[in-house]
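Student: build me a model from this:
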Amino acid sequence: MVEYPTEKWSDYELLDSGQGEKLERFGRVVMARPEPKALWNKSLSQQEWDRLCYTRFSPGAGFGKAGKEDSGTWHKLKEMDEQWYIRYPGLQKGLNFSLRLGLTSFKHVGVFPEQAPNWEYIYAHCKPGMKVLNLFAYTGAASLAAKAAGAEVTHLDSVRQVVSWAKGNMEKSGMDGIRWVVEDAMKFARREAKRGHVYDGIILDPPAYGHGPDGERWKLDDCLFDMLKEVRKILAPKNSFMVLNLYSNGYSALLGETVVKEAFALKEDYKLESGELALRDRFGKNLPLSIVVRLEL
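Tutor: Predicted coordinates:
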């Protein structure tokens with residue numbers, strides 16, 4: 001299974017990719033960012049990239065090293081706003097929200113567009129009144145997809161500024177009522193399990209490396225299996241779903257399926273699917289960016 005964002009999403013486009021970079025358009029702003037998975041040649045000339053670009057990201061000395069954030073510097077080539085919004089018009093009626101973009105020192109801009117198929121899945125599987133927990137929730141696109149369907153959403157991230165960013169996205173989208181939590185995901189899941197709290201849907205998008213608000217250490221290879229065992233305790237045993245997204249290089253869909261099967265001790269009465277989320281540029285080159293595993297109980 002390989003899934004791509006809808007071509008109807010007019011506010012986003014992967015224009016070209018290759019030679020370790022991707023050229024993207026968010027609204028009217030075109031940017032070039034590093035992309036280690038783009039191993040092929042660019043289809044457009046470097047002169048054309050330079051002509052189109054509003055800004056380009058240059059990585060710092062620690063870029064790509066284990067445990068290092070992708071920190072660096074943006075170089076503006078054309079006049080542009082520091083912050084701007086794009087709209088996601090879902091394929092399903094009622095799925096529609098706004099996302100603020102901004103240039104961060106870690107290469108990110110506030111949205112991972114390849115995640116759009118997950119937003120569609122979440123919206124389709126949420127019903128009014130369902131309790132949904134979004135862990136490692138970043139700026140909240142998945143939270144907004146669940147909220148748009150009427151779910152009671154808890155949004156958790158360890159970075160307060162990112163949670164504030166997500167709250168702004170909710171307000172810009174004309175929504176309200178999301179519960180915001182700044183906390184270490186593992187700590188929160190363990191505490192919820194002790195309290196006997198359960199959720200009808202749980203979304204996880206864990207990073208390869210990270211730290212909680214109190215310095216808690218996260219390393220995907222060491223913590224993922226234990227995290228999923230905690231999630232099992234707080235996911236309702238019937239009529240529930242889980243979405244796991246993994247960006248770490250070297251992980252496969254089969255690995256994702258296996259770790260979920262073992263953590264949940266799955267035996268029967270479940271549906272499990274896995275695959276890749278990818279982007280396709282104007283020239284038909286497919287850029288795989290993450291692994292997704294979806295479980296339905």
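Student: the stretch 1-150 of the chain: helices as residue ranges?
Tutor: 46-52, 116-125, 141-148 (DSSP state H, counting those that start in this stretch).
Student: which of these sits most buried?
Tutor: helix 141-148 (a mean of 28; mean count of other CB atoms under 10 Å). Just so you know, the C-beta spots here come from the backbone N, C-alpha and C atoms, and that holds for glycine as well.
Student: pull the CA atoms of it into CSV?
Tutor: Presented in CSV, the C-alpha positions along helix 141-148 are these (Å, rounded to 0.1, in the frame of the first residue of the first chain):
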residue,chain,number,x,y,z
ALA,A,141,-3.5,18.4,11.6
ALA,A,142,-4.5,14.9,12.8
SER,A,143,-6.2,16.5,15.9
LEU,A,144,-8.2,18.8,13.6
ALA,A,145,-9.2,15.9,11.4
ALA,A,146,-10.6,14.1,14.4
LYS,A,147,-12.2,17.2,15.8
ALA,A,148,-13.9,18.0,12.4
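Student: tell me how far the nearest residue to residue 1 once chain neighbours are set aside lies from residue 84.
Tutor: Nearest in space to residue 1, with sequence neighbours left out and distances taken as CB to CB, 6 or more residues apart in numbering, is residue 275 at 2.9 Å. Counting by CB to CB, to the nearest Å, the gap from residue 275 to residue 84 is 32 Å.
Student: next one: residue 251
Tutor: 32 Å.
Student: ok, residue 60 next?
Tutor: According to CB to CB, residue 60 and residue 84 sit 25 Å apart.
Student: okay, now the unreliable bits of the stretch 51-200 of the chain?
Tutor: 61-70 (pLDDT under 70).
Student: longest helix of the chain?
Tutor: helix 220-234 (DSSP state H).
Student: how about that helix: buried residues?
Tutor: 220, 223, 224, 227, 228, 230, 231, 232, 234 (16 or more other CB atoms under 10 Å).
Student: CSV for those residues, including pLDDT and distance to residue 39?
Tutor: Listed next are those as CSV, based on pLDDT from 0 to 100; distance: CB to CB, whole Å:
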residue, pLDDT, distance to residue 39
220, 89, 23
223, 91, 29
224, 94, 26
227, 96, 31
228, 98, 31
230, 97, 36
231, 97, 34
232, 97, 37
234, 98, 40
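Student: show me which parts of stretch 99-115 are buried, residue by residue.
Tutor: If you call a residue buried by 16+ other CB under 10 Å, then stretch 99-115 has these buried ones: 99-101, 103-104, 107-115.
Student: start to end distance for it?
Tutor: Stretch 99-115 has an end-to-end distance of 13 Å (criterion: CA to CA, to the nearest Å).
Student: next one: stretch 5-12
Tutor: Stretch 5-12 end-to-end distance (CA to CA) = 9 Å.
Student: kindly report the same for stretch 261-276.
Tutor: Terminal residues of stretch 261-276 are spaced 18 Å apart (CA to CA).
Student: quick one: mean pLDDT over it.
Tutor: Averaged over stretch 261-276, pLDDT sits at 94.
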